[in-house]
Each structure stands twice: as structure tokens, then as C-alpha cells.
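Asks: give me coordinates for this.
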Amino acid sequence: MKELQHLNKYFLKYKKQLLIGISITIISILFKVYVPKLIGSIIDIVNNQLQNPDNSMSDFKSQLLNNILLIVGTAIIAGILTFFMRQYIINVSRYIEFDLKNEIYKQYQKLSLNFYKKNRTGDLMNRISEDVGQVRMYTGPAIMYSINTITLFVVALAFMFKEAPMLTLYTIIPLPILSVLIYLISKEIHKRSTVVQEYLSKLSTFTQEIFSGISVIKAYGIEPQTQADFDTLAKTSKEKQLSLVRVQAFFFPMMLLLIGISNIIVIYIGGQQYINGEISLGNIIEFIIYVNMLTWPVATVGWVTSIIQRAEASQKRINEFLKIEPEIKNNTIEPSVIGGNIEFKNIHFTYDDTNIKAIQGLSFKINSGETLAIIGKTGSGKSTILDLIGRLYDIDKGQLLIDNQPIDKLNLTSLRDAIGYVPQDAFLFSDTINNNIKFGKENAANKEVIDAAKNAQVHENIIKFSNGYDTVLGERGITLSGGQKQRVSIARAIIKDPKILLFDDCLSAVDTETEEKILNNLKKVSSGKTSIIVSHRISSAKNANHIIVLDNGKIVQNGTHNQLINNEGYYKELYLKQLSENSNT
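Replies: Below is the predicted model of the structure:
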């Protein structure tokens with residue numbers, strides 16, 4: 001149970017509720033265990049009356065009634081206490097589930113983009129849902145039934161030993177055998193539980209990817225192939241589940257067998273002792289009830305063991321991610337004031353997942369309020385520059401300065417609060433358009449939302465929808481066209497009113513006429529802000545204060561638009577090519 005030690009902090013947090021729940025459990029067991037003694041007493045009273053019919057009938061009835069009332073009263077109290085026991089212990093398991101999910105989610109938010117490149121969404125979701133669900137069963141039902149079983153065993157055996165020590169010793173003979181079998185089967189359950197959880201993650205990942213890419217699957221007509229792949233994975237997962245269930249299936253029959261053997265021992269040995277006058281008939285009945293009372297707790301040993309083993313396997317998977325140290329750390333507690341001056345000094349950066357050298361010895365400077373345009377072929381490192389400015393990655397070598405301070409010395413929250421970022425692949429949430437724009441500024445007024453949409457040239461499109469700004473988008477904004485998604489994403493960045501605006505080829509799905517209008521609006525709203533525009537279009541870059549052309553992570557050309565079109569090179573070639581295309585259209 002080494003991995004489950006991570007949960008000890010939560011047990012300490014809720015120790016008061018747990019202690020109350022445990023105390024109630026022990027008290028309720030005392031009442032339950034007292035019932036067989038009362039039943040045994042009734043048997044002895046009846047047996048005594050049968051053997052001595054001359055005894056007073058009124059005394060007989062009075063004793064019988066008193067014992068029956070005690071049994072009813074004891075059962076009612078035990079039932080009430082059991083209710084409160086569940087309220088305390090099971091509720092604690094829900095609190096721990098809530099806390100653990102939040103802990104995992106916070107860790108997910110801290111982890112860098114590199115982590116998400118290496119791990120699949122389905123697996124991440126499975127660990128925060130299915131695995132946490134398995135752990136909750138350990139923190140609630142497993143603990144409750146374990147305490148219940150242990151207390152019942154101790155108290156029941158104490159009562160039994162007090163009444164008939166020798167008969168008690170014979171009755172518990174099967175217990176050592178039970179312990180060894182539980183140990184051996186538990187090891188196998190743990191091994192198979194780990195495999196089952198891994199396949200559940202694979203299934204989650206596969207289905208998540210299929211649903212996300214359903215349009216591609218339909219377009220290529222590969223539904224049969226996808227179905228076949230899913231069937232294969234599901235079949236393997238089913239086999240792993242059945243493999244686990246086969247081992248778990250040993251427990252219950254084994255428990256019943258051992259309990260049955262205990263019953264036979266009680267009847268045989270107890271019968272002999274009764275004949276010899278060592279114990280009463282009531283004692284035999286009492287022992288049979290005790291042995292059968294232990295049937296369910298003993299049977300739950302297997303179930304609880306299975307829960308603990310599955311929780312151990314799940315917590316191990318959870319701990320794997322919780323132990324990962326975020327690559328990007330906030331090294332400054334105090335908030336930082338961001339002005340907007342950006343300087344790259346001989347920066348090198350390599351993606352460790354692909355070993356691609358994205359940036360090689362890059363140096364340039366942008367003063368606050370200026371606009372820089374970055375042009376280059378696909379894979380030249382344009383988007384990487386924006387990622388480095390937002391500190392989504394840390395550089396390998398060189399210096400990245402913001403307002404003459406190393407970027408890793410700035411407060412990370414302050415830095416990102418000062419940036420408005422429009423990615424190349426616009427991501428919108430399954431929410432209203434209004435809330436998607438407000439994502440940039442949560443407390444924005446409706447007028448601000450509309451103004452931002454107008455500046456992004458998307459207002460006219462939005463008001464044509466039946467619900468206007470209250471239109472709920474499909475997953476990842478699938479309701480909108482590519483150009484509309486890009487423009488809503490631009491509105492989201494504009495409404496934030498940041499010090500630094502980063503545009504990553506965010507007008508690629510927009511026609512040239514709309515692009516011109518958006519660029520003119522951006523020129524107004526970005527006044528006094530540092531702006532970086534990554535683009536494949538000269539029209540998006542020509543009005544920038546400075547333009548750099550990248551190739552393999554290096555600057556091959558730089559200057560203003562007029563300077564670059566008058567010099568031979570990639571920029572002039574691209575300009576003439578796009579000029580020719582525009583004139584032809």
C-alpha cells in the first residue's frame with residue numbers, strides 16, 4: 001500500500017469525521033454482537049422451561065418478553081448507529097475524491113506543453129475520473145468495511161471465548177488458511193488490476209481521438225476500419241477484465257466454504273460439549289449465529305482486498321503525474337510590471353520530444369509600442385518565438401529579456417496576464433460566443449464584447465445567428481467556419497487590452513478584403529502596445545515597424561517592407577508571387 005500513502009494527508013485533514021465514524025462503528029458492532037447472546041439466553045430460558053414445566057409460567061413469559069424487547073431495541077440502536085457511520089465515513093470519501101481531483105487538475109494546469117505532447121488526452125481524463133473513482137472506494141467503503149470486520153471479529157471472538165474457550169479455538173481453525181489464500185490472491189489481483197486500468201486509459205484515449213476527428217473519419221470513409229480497431233481494443237480490454245474477475249471469483253466461494261467448515265465444527269464439537277454438560281444449548285445456537293454473523297465480513301475481506309489492490313494500482317498511475325516537476329516554474333512571488341520591451345540575445349531552442357532545433361542563435365529587439373512582423377517558410381521557427389515570449393517553453397541557451405529582465409525572473413502570472421495571444425489553430429470552448437470572447441476579460445461589459453467583435457470584423461456574422469452572442473458553440477467551436485473562429489479568437493485577445501499582442505498567422509482563413517479591415521482596426525487598438533505578427537502573407541506584415549525573415553530558426557533577412565522588396569531574397573520573391581496572384585484574381 002506504498003502508493004496509497006499519498007492519501008494520508010487527506011485522512012489527517014478529515015480525522016475528526018473519521019474518528020467519529022470509527023467510534024460509531026465500534027459502538028454499533030457492540031450492539032450487534034450482543035444480539036446472539038440474547039438469543040442464546042432465550043433458547044436457554046425455553047429449554048429450562050421445557051425441562052422444568054412446573055416453573056412459574058408468568059416468570060417464563062416475563063423473561064422471554066424482556067429478552068425479545070432487548071433484541072428489538074438493540075437492533076434499532078445498531079441500525080441507527082450504522083446509518084450515522086455511513087454518513088460520516090462515506091461522506092469523507094467524497095470529500096477526499098473532491099480534493100484529489102482538484103489536486104490532479106491543479107497539477108495538470110502547472111505542467112508544460114511538453115507534457116501534453118507526450119501524453120494523450122484520454123489517458124489524462126481516465127486518471128482524473130476512473131482512477132480517482134477507484135481510489136474513492138478505498139477511502140470510503142474499504143475503510144468502513146475493514147473497521148467493521150476487524151471490530152466484529154475482535155468483539156465476537158471475545159464474547160465467544162468468554163462463553164466457551166475450547167469451542168472458540170476449534171471454530172477459528174480455518175482463519176490461518178483464509179489469511180494465506182487472501183495474501184496469494186491479492187498479489188494476483190494487484191497485478192491484473194494495473195493492466196485493467198491501463199487498458200481503460202487506452203480505450204478512453206482511442207474514443208476521445210475518434211470523436212475529435214469524426215469529420216476526417218467520415219470524409220475518408222474509414223468507419224469500418226475504425227470500428228474494427230475499436231473492437232480489437234475493446235475485446236482485449238474485456239479479456240483483461242475477465243482475467244481479473246476470474247481471480248476475484250475465488251474469494252466468495254472460498255469464504256463460504258470456510259464458514260461452512262466452521263459451522264460444522266461448532267455443531268460437532270459444541271454438540272459433544274453439550275452432551276458432556278460443558279455448555280448450554282443456548283451457547284451452541286449463539287456460536288452458530290456468531291459464525292454466520294461473521295460470514296458477510298469475512299466475505300467482504302475479498303471484496304475489500306480487491307478494492308485496495310485496484311486503488312493501489314490507480315493511485316500509482318495518479319502519482320506518476322503528481323510527482324512530475326513542472327518544467328516551467330514561477331520563480332518570482334511578487335507581481336511584475338510589464339512594459340513591452342522584448343529582446344532576444346543569441347537564443348537557441350530545441351524541442352526535446354522531436355529533437356528539432358527550432359531556434360538557432362536568434363537575436364532581435366522590439367521596443368514597447370512597436371510592431372514586429374515575422375515571415376518564413378513552414379517550420380522556420382515563427383510560432384516557437386511566440387511560445388518562448390509567453391514562456392510556454394524555457395530557452396536552452398542565450399537570453400530572452402522582457403523590459404531588460406530575464407524572462408524567468410518575471411512573475412509568470414503577470415507575464416501571461418500582459419499577453420494577448422491569438423494562436424494559428426483558434427481554439428474555442430463549447431460555450432456561448434459571448435463567453436468565448438469574455439475569456440479574455442471575464443468582467444467585460446456587453447459593449448466591450450461588441451466593440452471587440454467589431455474590431456475583429458466578426459460582429460456582422462454573430463448577429464445573423466438566431467441567438468446572436470448567446471449562440472452556444474459546438475466542441476472546439478465546430479459551429480463556426482475557420483475564418484469566424486479566427487476572428488472570435490482575435491476579439492478575445494483585443495478585449496483583454498494587453499501590453500503585448502501575439503498574432504500567429506491568425507488571418508490565414510480570412511479573405512484579403514476582410515484581412516485589410518481587421519489589420520486597420522488592429523493598428524488602432526494596438527496603439528502603444530507591442531505587437532508581433534506571424535504570417536505567410538506580405539499584406540499582414542507590410543505595415544510593421546520592422547520585419548524579420550526566418551529560415552531554420554535563423555534570421556536571413558530583416559528591415560522594413562520598402563527595404564526588403566528592394567533587396568533580392570525570400571521576402572521579395574514572396575511579395576511578387578502574392579502580388580501576381582492578387583492581380584490574377
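Asks: all strands of the stretch 201-350 of the chain, in order?
Replies: Per DSSP state E, counting those that start in this stretch, the stretch 201-350 of the chain carries strands over the ranges 342-351.
Asks: again, but for the chain
Replies: Counting by DSSP state E, the chain has strands at residues 342-351, 356-366, 371-376, 397-402, 405-406, 419-422, 500-504, 530-535, 546-551, 554-559.
Asks: dihedrals phi and psi, Ala445?
Replies: Here is the backbone geometry of Ala445 (degrees, to the nearest 10): phi -80, psi 160.
Asks: tell me the contacts of the nearest residue in space to Met144 that is not next to it in sequence?
Replies: Of all residues not flanking Met144 in the chain, Ile89 sits nearest, at 4.5 Å (C-beta to C-beta, 6 or more residues apart in numbering). Every residue, glycine included, has its C-beta placed from N, CA and C. Applying C-beta atoms under 8 Å, 6 or more residues apart in numbering, we find Ile89 in contact with 17-18, 21-22, 25, 140, 143-144, 147.
Asks: and those residues, which of them are buried?
Replies: In the contacts of Ile89, burial by neighbour count holds for 18, 21-22, 25, 140, 143-144, 147, counting by 16 or more other C-beta atoms under 10 Å.
Asks: Gly133 - how many residues pack around it?
Replies: For Gly133, the count of nearby residues is 15 (other C-beta atoms under 10 Å).
Asks: same question, Gly270
Replies: 24.
Asks: distance-wise, check it relative to Ile128.
Replies: When distance is defined by C-beta to C-beta, to the nearest Å, Gly270 is 54 Å away from Ile128.
Asks: ok, now which ones touch Ala418?
Replies: Contact analysis of Ala418 by C-beta under 8 Å, 6+ apart lists 338, 340, 498-500.
Asks: per-residue pLDDT of Lys365, please?
Replies: At Lys365, the model reports a pLDDT of 93.
Asks: state the number of residues packed around it.
Replies: Other residues lying near Lys365 total 13 when counted by other C-beta under 10 Å.
Asks: what do you get for the one 5 residues further on?
Replies: Applying other C-beta under 10 Å, we find 17 other residues in the vicinity of Glu370.
Asks: pipe the contacts of Ile89 into a markdown table and attach pLDDT and distance to Pro423 per row.
Replies: Converted to a markdown table, those look like this (pLDDT from 0 to 100; distance: C-beta to C-beta, whole Å):
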| residue | pLDDT | distance to Pro423 |
| --- | --- | --- |
| Gln17 | 90 | 46 |
| Leu18 | 89 | 47 |
| Gly21 | 88 | 49 |
| Ile22 | 87 | 52 |
| Thr25 | 85 | 54 |
| Gly140 | 87 | 42 |
| Ile143 | 86 | 46 |
| Met144 | 85 | 48 |
| Ile147 | 85 | 52 |
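Asks: the residues you listed in helices, which ones?
Replies: Among the contacts of Ile89, the members falling in helices are 17-18, 21-22, 25, 143-144, 147 (criterion: DSSP state H).
Asks: and which of the residues you listed is nearest Arg94?
Replies: Here the nearest of the ones in helices among the contacts of Ile89 to Arg94, counting by C-beta to C-beta, is Gln17; it sits at 11.0 Å.
Asks: list the residues that contact the closest one.
Replies: Contacts of Gln17 by C-beta under 8 Å, 6+ apart are 88-89, 91-92.
Asks: and it, how far is that from Leu410?
Replies: Relative to Leu410, and taking C-beta to C-beta, Gln17 is found at 43 Å.
Asks: so where's the stretch 451-585 of the chain uncertain?
Replies: Residues of the stretch 451-585 of the chain that meet the criterion pLDDT under 70 lie in 475-477, 583-585.
Asks: ranges for the helices of it?
Replies: Chain-ordered helices for the stretch 451-585 of the chain, with DSSP state H, counting those that start in this stretch as the definition, fall at 459-462, 482-495, 512-525, 538-541, 561-565, 570-584.
Asks: which one of the ones you listed lies nearest to Lys2?
Replies: Nearest of the helices of the stretch 451-585 of the chain to Lys2, taken as C-beta to C-beta: helix 482-495 at 45.5 Å.
Asks: what sits up against the closest one?
Replies: By C-beta under 8 Å, 6+ apart, helix 482-495 touches 420-423, 426-428, 433, 436-441, 444, 448-449, 452-453, 455-458, 461, 477, 480, 501, 503, 506-511, 514, 518, 522, 525.
Asks: and that helix, how far from the chain's centre?
Replies: Relative to the centre of its chain, helix 482-495 is centred 29 Å away, using C-alpha atoms, centre = their mean, to the nearest Å.
Asks: relative to helix 512-525, how tilted is it?
Replies: 10 degrees (axes from the mean of the first three to the mean of the last three C-alpha atoms, to 10 degrees).
Asks: okay, helix 482-495 in PDB with CA atoms only?
Replies: Taking Å, rounded to 0.1, in the frame of the first residue of the first chain, the C-alpha atoms of helix 482-495 are listed here in PDB:
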ATOM      1  CA  GLY A 482     -12.400  28.600 -39.900                       C
ATOM      2  CA  GLY A 483     -12.400  32.400 -40.600                       C
ATOM      3  CA  GLN A 484     -15.100  33.100 -38.000                       C
ATOM      4  CA  LYS A 485     -13.200  31.100 -35.300                       C
ATOM      5  CA  GLN A 486     -10.000  33.100 -36.000                       C
ATOM      6  CA  ARG A 487     -11.900  36.400 -35.700                       C
ATOM      7  CA  VAL A 488     -13.600  35.400 -32.400                       C
ATOM      8  CA  SER A 489     -10.200  34.400 -31.200                       C
ATOM      9  CA  ILE A 490      -8.800  37.900 -32.200                       C
ATOM     10  CA  ALA A 491     -11.800  39.600 -30.400                       C
ATOM     11  CA  ARG A 492     -10.800  37.600 -27.300                       C
ATOM     12  CA  ALA A 493      -7.300  38.900 -27.400                       C
ATOM     13  CA  ILE A 494      -8.400  42.500 -28.100                       C
ATOM     14  CA  ILE A 495     -10.800  42.700 -25.200                       C
END
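Asks: got the buried residues for that helix?
Replies: 483-495.
Asks: CSV please, covering these and showing distance to Ser215.
Replies: What follows is those, written out as CSV (distance: C-beta to C-beta, whole Å):
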residue, distance to Ser215
Gly483, 17
Gln484, 17
Lys485, 14
Gln486, 18
Arg487, 21
Val488, 20
Ser489, 20
Ile490, 24
Ala491, 25
Arg492, 24
Ala493, 27
Ile494, 29
Ile495, 30
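Asks: just name the closest of those to Thr332, please.
Replies: Taking C-beta to C-beta as the measure, Thr332 lies nearest Ala493 of the buried residues of helix 482-495, at 24.7 Å.
Asks: ok, and the closest non-adjacent residue to that closest one?
Replies: Gly420 is the one closest to Ala493 (C-beta to C-beta, 6+ apart), at 3.6 Å.
Asks: quick one: the helices in the stretch 51-200 of the chain?
Replies: 57-110, 113-118, 121-126, 132-137, 143-163, 165-171, 174-212.
Asks: run the chain-centre distance for the fourth one.
Replies: Spelled out, that is helix 132-137. Its chain's C-alpha centre and that of helix 132-137 lie 12 Å apart, by C-alpha atoms, centre = their mean.
Asks: done for today, thanks.
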